[in-house]
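**Q** Fold the following, please.
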Amino acid sequence: MLVDSCLFRKWTWNSMSIRRGKFKMKKAIFYTYSGEYEWLVAVSIQSIIDHYTSEETIDILVFTDKTFETQQATIKKLPCLSGKPQIKISFWRFPNWINRITNNVSERFPAVTFLRLGIPIEFQEFDKMLYLDADTLIYTDIHHVFNQLKTETIAGVLDIFHYLNTADDQILKQYNDTYNIVDSSKYINSGVLLYNNKQYAQHWTIDELVNNINDGQFSHFPDQELINQKFNPNILILPHEYNYQENISFLDHWQVPEKYKESLMLSEKNVRIKHFLPLPKPSSPLIGYRDQFDIDWWQMAMRLKEILS
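**A** Residues are numbered from 1 along each chain as shown. The predicted model follows:
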């Protein structure tokens, strides 16, 4: 009975969308993961669904090397079970070009890490794509995020560790040299990336991307350093609330200007995307609640279990 009801809602919504001329999909969210991250991805997706208020169709693409058909089929049903049939979830195998990446990969940063840089080149049917790390929790209608990007090619949020060092000119210069970028004060974190697809594809082909990866010289975070090397400083910098990586208490360990603290405190009151950057992740049963964000994550996880019960 539940399935029939979902199908009816989907048919009804599609009929309304066609009449309103909103059936063409132009925006997509995508995840890439390898390993045991399905639970994190599912919770992140459910947080998107819960906050989605638009009638516009949107795709969520999940790229993985896993073949858990039962779990994937369950995740695909989440929009329908939540009364949001305008959201479409699909699972994709890794593209073949990933096998050509032979350098700058490790156990911590496998080749799948670079997929976030190549998928927007291949999926030109979408005008904009939003990449999200699996360890994210969404607090806003995702269309609000897409609307931040106008004519720019790519948008992101400053990496928190680099941001806290931007008051020191000497360190900035050191970072510029280390990461081979023009302006380290605009160094973004790669956990949340917003792309203008057609413009982005004008800067790179897949062959060029693979060559840049294999020939690159990276210090710590290869995918993050590469995207900054390619586009810095021509990157739209979004406020911290679009990729909130650390809590205010984190600042106790840093000597930073007061204006930095004020900026982060303001963002904490209006977080739109929480990125659980530090280890362990909130899904770990071996840690307690570190803050309200951990509590929110588990509440969303429990809501997900209730939906599937």
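**Q** what's the burial count for Ser219?
**A** 10 (other C-beta atoms under 10 Å). No exception for glycine: its C-beta is placed from N, CA and C like everyone else's.
**Q** Please state the backbone phi and psi of it?
**A** Backbone geometry at Ser219, expressed as degrees, to the nearest 10, gives phi -90, psi -50.
**Q** helix/strand/coil for Leu61?
**A** Under DSSP: H, G, I helix; E, B strand; the rest coil, the three-state class of Leu61 is strand.
**Q** any idea how far the closest residue to it other than its chain neighbours lies from Asn165?
**A** Of all residues not flanking Leu61 in the chain, Phe30 sits nearest, at 4.2 Å (C-beta to C-beta, 6 or more residues apart in numbering). Using C-beta to C-beta, to the nearest Å, we find Phe30 at a distance of 30 Å from Asn165.
**Q** quick one: which of the two has more around it?
**A** The neighbour count for Phe30 versus Asn165, taken as other C-beta under 10 Å, is higher for Phe30 (23 against 19).
**Q** Within the sheet, what are the partner strands of the host helix or strand of that one, with directions?
**A** Using DSSP states H and E, Phe30 sits in strand 27-33. Taking DSSP bridges as the criterion, strand 27-33 forms sheet pairs with strand 58-64 (parallel), strand 128-132 (parallel).
**Q** Grab the CA positions of that strand and hand them over as CSV.
**A** Provided in CSV are the C-alpha atoms of strand 27-33 (Å, rounded to 0.1, in the frame of the first residue of the first chain):
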residue,chain,number,x,y,z
LYS,A,27,20.7,21.1,-10.9
ALA,A,28,22.2,18.0,-9.2
ILE,A,29,23.9,17.1,-6.0
PHE,A,30,26.5,14.4,-6.0
TYR,A,31,28.4,12.3,-3.5
THR,A,32,31.4,10.0,-4.1
TYR,A,33,32.6,7.4,-1.7
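**Q** mind listing what Ile227 touches?
**A** Contact analysis of Ile227 by C-beta atoms under 8 Å, 6 or more residues apart in numbering lists Leu117, Ile154, Gly156, Ile188, Ser190, Leu193.
**Q** ok, now with 6 Å
**A** Ser190 (C-beta atoms under 6 Å, 6 or more residues apart in numbering).
**Q** Return the backbone torsion pair for it.
**A** With angles defined as degrees, to the nearest 10, Ile227 sits at phi -70, psi -30.
**Q** And it, how close does it get to Val192?
**A** Per C-beta to C-beta, Ile227 is found 12 Å from Val192.
**Q** Could you do Pro120 as well?
**A** Look at Pro120 and Val192: by C-beta to C-beta, they are 14 Å apart.
**Q** What of Lys261?
**A** In this view, Lys261 and Val192 are 22 Å apart by C-beta to C-beta.
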